[in-house]
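Colleague: here are the coordinates; sequence isn't available:
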């Protein structure tokens, strides 16, 4: 199977069973090996007591981008460490985009940087994630030596 096709197949499988990402209203913009771009709109029920988006909303979007990017190679991967810096507050109606980029990939560990921007292309959060890459393939029948 071609690599881009495998990445999309994996992310489709993950997303189809990811009720939380669906609830967030996540739109998949781009999926490729080690890369993922997601977008969503901040809704009223995502606001905290200050009337701004709860930090967990931005974190969750970035975490989903990490999950999809790190699994895109076809091996099941799970996060072992993540962190986020919130730079700009968000309000209802803001549209945020998370772009995950692979920084390093080894047999067992992957490191990713995720930048979250708003509709004005202003960086609102920076997220870093480290994943453990298991030996389990998403689709063992599709594994090739490409």
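Modeller: Yep, it's here. Bear in mind the structure is a predicted one, so any value in this text is a computation, not a measurement. Numbers count the residues shown, from 1 in each chain.

Colleague: can you tell me the SS state at residue 85?
Modeller: Three-state call for residue 85 (DSSP: H, G, I helix; E, B strand; the rest coil): strand.

Colleague: what about it, how many residues nearby?
Modeller: 11 (other CB atoms under 10 Å). The way it works is simple: take the backbone N, C-alpha and C, and place the C-beta from them, glycine included.

Colleague: just the one 10 residues further on next, same as before
Modeller: Applying other CB under 10 Å, we find 14 residues neighbouring residue 95.

Colleague: can you give me the helices in the chain?
Modeller: Along the chain, the stretches classed as helices by DSSP state H are 3-16, 19-24, 55-71.

Colleague: right, so those: which one is the most enclosed?
Modeller: Among these, helix 55-71 has the highest mean neighbour count (mean count of other CB atoms under 10 Å), at a mean of 23.

Colleague: and the angle for it with helix 3-16?
Modeller: Angle, helix 55-71 to helix 3-16, by axes from the mean of the first three to the mean of the last three CA atoms, to 10 degrees: 140 degrees.

Colleague: now do helix 55-71, average pLDDT.
Modeller: Averaged across helix 55-71, pLDDT comes to 98.

Colleague: residue 13 is in contact with residue 138, correct?
Modeller: Yes: here residue 138 reaches residue 13: they are 6.4 Å apart, a contact under CB atoms under 8 Å.

Colleague: including distance to residue 88, could the helices of the chain go into JSON lines?
Modeller: Listed next are these as JSON lines, based on distance: least, CB to CB, whole Å:
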{"stretch": "helix 3-16", "distance to residue 88": "27"}
{"stretch": "helix 19-24", "distance to residue 88": "19"}
{"stretch": "helix 55-71", "distance to residue 88": "10"}
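
Colleague: so for residue 134, which of those helices sits nearest?
Modeller: Set against residue 134 and scored by CB to CB, the helices of the chain come closest in helix 55-71, at 10.1 Å.

Colleague: how far does the closest one sit from the chain's center?
Modeller: 4 Å (CA atoms, centre = their mean, to the nearest Å).
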